[in-house]
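> Need coordinates for the below:
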Amino acid sequence: MKVVHINTYDGNGGAGRACLRLHQALLAEGVQSEVWVSYKFGSNPRIKSFSASFLAKGFSAFGILLERYYSSFISKPVKIPFSASIWGKDITRNRAIMEADIIHMHWINHAFLRPEDLARLSKLNKPVVWTFHDSNAFTGGCHVRYNCDHFERSCGNCPILKNEHPADNSNKIWKRKQKAYSQLRFSIVAPSRWMHQSILRSSLLKDAQVEVIPNTLETEVFRPWDKQAARMQLGLAEDKFIMLSGFMPSRKDLHKGTPYLLEALQILIDQGLVRKENVELIIFGNKDTANVPDFPVNTTFLGTISNDEKLSICYSAADVFLTPSLEDNLPNTVMESLSCGTPVVAFTTGGIPDMVTHLENGYLAAYKSSEDFAKGISWVEQHQDRRKLDQAAREAVMNRFSEKVIARKHLALYQEVSGISSEPAFQPTLSVITVVYNNVQDIERTLRSVVNQTYRNIEYIVIDGGSTDGTLEVLNRYRSRIATLVSEKDKGIYDAMNKGLALATGDYVLFMNSGDEIYATETVERIFASASNADIYYGETEMYNERWESLGRRRHQAPEKLTHGSFRYGMSVSHQAIYIRRAILQPYDPKYQLSADIDWILSAVKKAPRIKNTGMYVAKYLVGGMSKRKHRQSLKERFDIFSKHYGFIPNVLNHLVISARLLSYYLRHRRTND
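Next up is the predicted model:
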């Protein structure tokens with residue numbers, strides 16, 4: 001199935017980011033997906049442009065400026081976006097559009113697709129899906145409606161326009177859309193229940209087919225970081241209550257609700273809900289230097305942040321994310337914050353209640369009530385268990401908005417509207433083996449990460465070394481979800497692993513030992529969806545300390561291509577992050593007590609002609625295992641193994657590089673993270 005996504009810009013704004021995120025999620029599911037835009041700002045070669053040539057790009061830029069100028073000319077001086085749709089493109093003769101099985105439209109304003117251009121798509125007789133990222137598709141031109149209900153009739157008398165009357169420009173645009181929609185049949189995706197309800201109220205589309213499918217995001221990029229480490233990296237105080245907000249325009253801005261945030265912060269201080277010296281507000285995004293309001297608390301502007309990993313660090317550094325927006329469909333910033341484990345305080349408006357559950361992962365204040373907004377900030381600041389709040393935030397995203405969940409919902413819609421069924425998925429049996437001994441404090445996390453996988457073809461084998469601390473009681477609670485449970489004394493960790501390997505019957509094997517976790521509930525499913533019949537699948541590992549706080553990615557980054565030579569400067573893929581075809585595996589060498597897994601992986605890589613880099617985080621690793629406690633012995637074994645595989649002299653030279661890299665990393669981060 002070939003899906004072509006259409007958007008005005010390549011990642012600019014919330015709609016562009018949502019479009020690209022969906023595209024990536026569909027690619028991970030094996031869907032042939034492409035993104036085409038009207039005007040391309042970036043240099044990503046995978047994003048195609050309808051205005052590729054210099055001349056075509058110039059015409060597009062002229063059209064964008066002309067439409068924006070005309071829309072501004074006919075509108076009153078209010079900060080409510082309005083599109084007059086006077087310039088457009090005919091894309092029906094584009095080869096990608098002609099070859100597509102599904103045409104998926106996103107945000108198409110700014111001199112891109114006028115109603116008349118949409119009508120032309122009907123000639124192709126192809127299924128069209130349209131995600132509504134704002135209200136423009138069912139109004140006479142405005143993108144944000146607030147309390148206006150004219151869209152329930154036929155617009156006209158538009159409060160935004162200078163010359164408002166029954167047959168004004170809004171009414172004319174409404175009629176053009178009505179004519180176009182009568183010719184083009186399309187299915188609508190509403191990212192939120194609020195948007196769905198708005199569509200059903202509209203006179204243009206009240207009878208349309210609408211599916212509620214939220215946007216997604218990169219949950220492996222927007223993930224929780226260790227809060228203290230994040231603050232240290234940003235130069236923020238470690239002992240203050242940090243509030244974060246995004247894109248702070250002028251005091252007069254209507255859409256983003258800046259005045260309400262200012263009032264709420266003032267109430268917070270005046271009523272003594274927090275101590276002024278204990279709080280700090282940090283703001284990322286554009287800064288209107290001419291109209292920066294005076295905040296009643298210490299405020300730091302971080303500027304525009306274009307790097308998503310740095311943005312996730314900002315979210316993780318904060319105790320709460322504040323969004324005083326008065327109308328938003330499904331704002332990316334709210335989802336990003338929750339995905340990074342940071343609770344949100346917001347008004348009860350738009351699609352925000354689809355993401356924020358009141359008093360569970362944030363606070364939903366009464367609409368336009370600065371006092372209640374202040375109360376929400378105080379609720380988070382005074383919360384007895386903020387870690388619980390953070391965990392609830394992350395879980396909400398993983399359970400409802402993860403890439404796998406959202407891609408599959410879209411795929412089901414595509415199949416329904418096109419009649420094209422997907423090919424049978426590659427679904428081999430995976431034997432997951434967990435080795436444990438007296439680790440009652442961590443074993444349940446590991447068990448849950450395996451048994452809660454969305455992938456069903458899992459054979460779970462647990463080898464317990466005869467635990468006496470309550471571990472066996474925990475294992476017995478999950479007995480119905482464990483295929484084979486053995487509890488007896490063994491001769492060490494690799495003897496236990498060899499027992500598990502001998503019992504495995506699956507096509508592939510993964511070792512996930514006590515204290516470690518499979519990264520997310522859909523990880524195994526995504527791994528096998530990334531390619532069929534690879535001999536080895538591998539990915540990235542996130543490190544965690546004993547308090548289960550993220551330390552970020554391992555120091556040894558997974559290589560782009562894994563080969564036998566990839567380990568010469570260190571173990572570049574962790575034991576928990578590699579899935580190996582059972583047929584090419586051999587038992588662990590018992591002469592190594594702490595590092596046999598390196599020898600085991602390298603031996604398998606030698607025999608594997610097809611190795612797949614999944615390009616995602618696949619495991620969470622708890623630092624401080626036996627190899628750390630017996631570090632000298634572990635290093636000696638590693639040196640012997642690398643000498644066996646690479647030769648003694650090359651290994652000595654390689655270790656000079658290893659030592660230099662380790663020292664450099666430690667000086668920058670004050671930890672080794674391996």
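> Wait, a strand at Tyr617?
Yes: assessed with DSSP: H, G, I helix; E, B strand; the rest coil, Tyr617 lies in a strand.
> quick one: contacts for it?
Under the criterion of C-beta atoms under 8 Å, 6 or more residues apart in numbering, the contact list for Tyr617 reads 220, 223, 519-520, 539-542, 553. (C-beta placed from N, C-alpha, C; glycine too.)
> Out of those residues, list just those in helices.
Counted as lying in helices by DSSP state H, out of the contacts of Tyr617, is not a single one.
> Now tabulate those residues in CSV and tack on distance to Phe62, neighbour count and pLDDT.
Below are the contacts of Tyr617 laid out as CSV (distance: C-beta to C-beta, whole Å; neighbours: other C-beta atoms under 10 Å; pLDDT from 0 to 100):
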residue, distance to Phe62, neighbour count, pLDDT
Glu220, 40, 22, 87
Arg223, 42, 25, 93
Tyr519, 47, 25, 92
Ala520, 46, 26, 89
Gly539, 45, 25, 92
Glu540, 44, 20, 91
Thr541, 49, 26, 90
Glu542, 47, 22, 89
Arg553, 44, 17, 75
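> low-confidence ranges in the stretch 401-550 of the chain?
Along the stretch 401-550 of the chain, the parts satisfying pLDDT under 70 run over 421-424.
> re the thing from before, out of the contacts of Tyr617, the closest to Lys79 would be?
Set against Lys79, the nearest of the contacts of Tyr617 by C-beta to C-beta is Arg223 (34.2 Å).
> mind listing what that closest one touches?
312, 339-341, 394, 542, 550, 617.
> Quick check: the farthest pair among the contacts of Tyr617?
Using C-beta to C-beta, these span at most 15.4 Å, a distance reached by Ala520 and Arg553.
> Not counting its neighbours along the chain, what's nearest the residue nearest in space to the middle of the chain?
Centroid check for the chain by C-alpha atoms, centre = their mean gives Glu218 as the closest residue, at 2.2 Å. Among residues not flanking Glu218 along the chain, Arg21 sits closest, at 6.4 Å (C-beta to C-beta, 6 or more residues apart in numbering).
> Give the helix, strand or coil label for the one you found.
helix.
> separation between it and Asp390?
From Arg21 across to Asp390, the span is 23 Å (C-beta to C-beta, to the nearest Å).
> And Glu416, by the same measure?
37 Å.
> In terms of packing, which of those two has more residues around it?
Asp390 (21 against 13; other C-beta atoms under 10 Å).
> that's a strand at the more buried one, yeah?
No: read with three-state DSSP, Asp390 is helix and lies in no strand.
> OK, contacts around the spatially closest residue to Asn452 that is not a sequence neighbour?
Counting by C-beta to C-beta, 6+ apart, Thr521 is the residue found nearest to Asn452 once chain neighbours are left out, at 5.2 Å. By C-beta under 8 Å, 6+ apart, the contact set of Thr521 is 398-399, 402, 449, 452-454.
> will you turn the residues you listed into TSV that also has distance to Asn157?
Listed next are the contacts of Thr521 as TSV, based on distance: C-beta to C-beta, whole Å:
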residue	distance to Asn157
Met398	46
Asn399	44
Ser402	44
Ser449	57
Asn452	54
Gln453	56
Thr454	51
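> Who wins on neighbours among those residues?
Going by other C-beta under 10 Å, Ser402 tops the contacts of Thr521 with 23 neighbours.
> which non-adjacent residue is nearest that residue?
Among residues not flanking Ser402 along the chain, Thr219 sits closest, at 5.3 Å (C-beta to C-beta, 6+ apart).
> what about the one you found, how many neighbours?
Thr219: 24 neighbours (other C-beta under 10 Å).
> can you tell me how far it sits from Tyr569?
Taking C-beta to C-beta, one finds Thr219 at 29 Å from Tyr569.
> show me what contacts Phe228?
Small correction: residue 228 is Gln, not Phe. Gln228 neighbours (C-beta under 8 Å, 6+ apart): Glu238.
> and it, what element?
Following DSSP states H and E, one finds Gln228 within helix 227-234.
> which element follows that helix toward the C-terminus?
Counting by DSSP H and E, what follows helix 227-234 is strand 241-248.
> distance of the residue lying closest to Asp490 once chain neighbours are set aside from Gly465?
Nearest residue to Asp490 in three dimensions, chain neighbours excluded: Ala496, at 4.5 Å (C-beta to C-beta, 6+ apart). Ala496 sits at a distance of 6 Å from Gly465 (criterion: C-beta to C-beta).
> what do the two both touch?
Common neighbours of Ala496 and Gly465 (C-beta under 8 Å, 6+ apart) are 435, 437, 490.
> quick one: low-confidence ranges for the protein?
Ranges of the chain meeting pLDDT under 70: 247-256, 286-292, 421-424, 555-556, 570-571, 624-635, 651, 654-655, 657-674.
> residues touching the nearest residue to Phe222 once chain neighbours are set aside, list them.
Nearest residue to Phe222, sequence neighbours excluded (C-beta to C-beta, 6+ apart): Ser339, at 4.0 Å. Contacts for Ser339 (C-beta under 8 Å, 6+ apart) come out as 217, 219, 222-223, 312, 315, 393-394, 397-398, 401.
> Just give me the closest of the residues you listed to Ser49.
Closest approach between the contacts of Ser339 and Ser49, by C-beta to C-beta: Leu217, at 24.0 Å.
> From Asn457, how far out is the residue nearest to Asn452?
Per C-beta to C-beta, Thr521 is found 15 Å from Asn457.
> Number of residues surrounding Val334?
Neighbour tally, Val334, other C-beta under 10 Å: 24.
> Could you look up the SS state of it?
Assignment for Val334 (three-state DSSP): helix.
> Likewise for Ala346?
Quick answer, by three-state DSSP: Ala346 is strand.
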